[in-house]
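Peer 1: the following comprises the amino acid sequence and a computationally predicted model.
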Amino acid sequence: MERERVPLMLKLRRWSNSAGELVLQYPAFDQIAPHLRAGLRWEAYIDYCGGWFHDQLSPLGQVDEYNADPDVQFAGVIADARFALEARRRFPDDVTLLSPEEFEEFYESRCAIVQPDELVNTTILDRIRARNGLSATPGQPTASMSPSDKRALDPNDPTPGIQVNWRKQCKTMLAKTGTKLIDIKGK
């Protein structure tokens, strides 16, 4: 069953804490009623809903055509509709509702762009190499390999070894996590 969630864009600001360290300042989401965040602290609630999606191309201190302020970093999150509306109401300068299409564009062009296409477990590949007497780490299965070794080399097989990175594309990430994004921007 898919969980309906609303995508949000957060503006995270740089500030100096009591120890003089520069840190990110998040909106004070704990001010939002606990029943709107499933009774959880806001950090746990965001993780429960799907996590953080930080802009990897313009992190804090860097600027580009998307973000001209070095004291700001953008991050996407997904949340329940009631939480999203209350967050936008309380923090209009720091919270923007996104359409599913806007979130997908941000996710793929700013967040997941640094993700590899495949996840490679070199420990498993080294074991396959040693078991099969190969001089180099295998990229393709050979006829003499066991069925489990062959599956480990197939990126589309869930067997650990080489796997397609499901976090690389927004639609795949949402499907894997059972999340359906809904658009409530006009509300």
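Peer 2: On my side now, so go ahead.
Peer 1: chain center to the helix or strand of the chain with the lowest mean pLDDT, what's the gap?
Peer 2: Using mean pLDDT, DSSP states H and E, strand 22-25 stands out as the lowest-scoring helix or strand of the chain, at a mean of 80. Relative to its chain's centre, strand 22-25 lies at 20 Å (Cα atoms, centre = their mean, to the nearest Å).
Peer 1: tell me what the helix or strand just after that strand is packed against?
Peer 2: Scanning forward in sequence from strand 22-25 by DSSP states H and E, the next helix or strand is helix 42-49. Under the contact definition 3 or more Cβ pairs under 8 Å, 6 or more residues apart in numbering; DSSP states H and E, helix 42-49 sits against strand 72-79. Every C-beta, even on glycine, is put in place using the N, C-alpha and C of the backbone.
Peer 1: now the strand it packs on, how far from the centre of its chain.
Peer 2: Remark: strand 72-79 is offset 10 Å from the chain centroid, using Cα atoms, centre = their mean.
Peer 1: give me the contact list for it.
Peer 2: Here strand 72-79 makes contact (Cβ atoms under 8 Å, 6 or more residues apart in numbering) with 5-14, 24, 45-46, 49-55, 58-60, 66-67, 87, 98, 103, 106-107, 110-111, 179, 181.
Peer 1: and those, which of them are buried?
Peer 2: 5-13, 45-46, 49-50, 53-55, 58, 60, 67, 87, 98, 103, 106-107, 110-111, 179, 181 (16 or more other Cβ atoms under 10 Å).
Peer 1: Glu104 contacts Met173, correct?
Peer 2: No: counting by Cβ atoms under 8 Å, Glu104 sits too far from Met173 to count as a contact (9.8 Å).
Peer 1: what separates Tyr160 from Arg131, distance-wise?
Peer 2: If you look again at residue 160, you'll see it is Pro, not Tyr. The spacing between Pro160 and Arg131, counted by Cβ to Cβ, to the nearest Å, is 15 Å.
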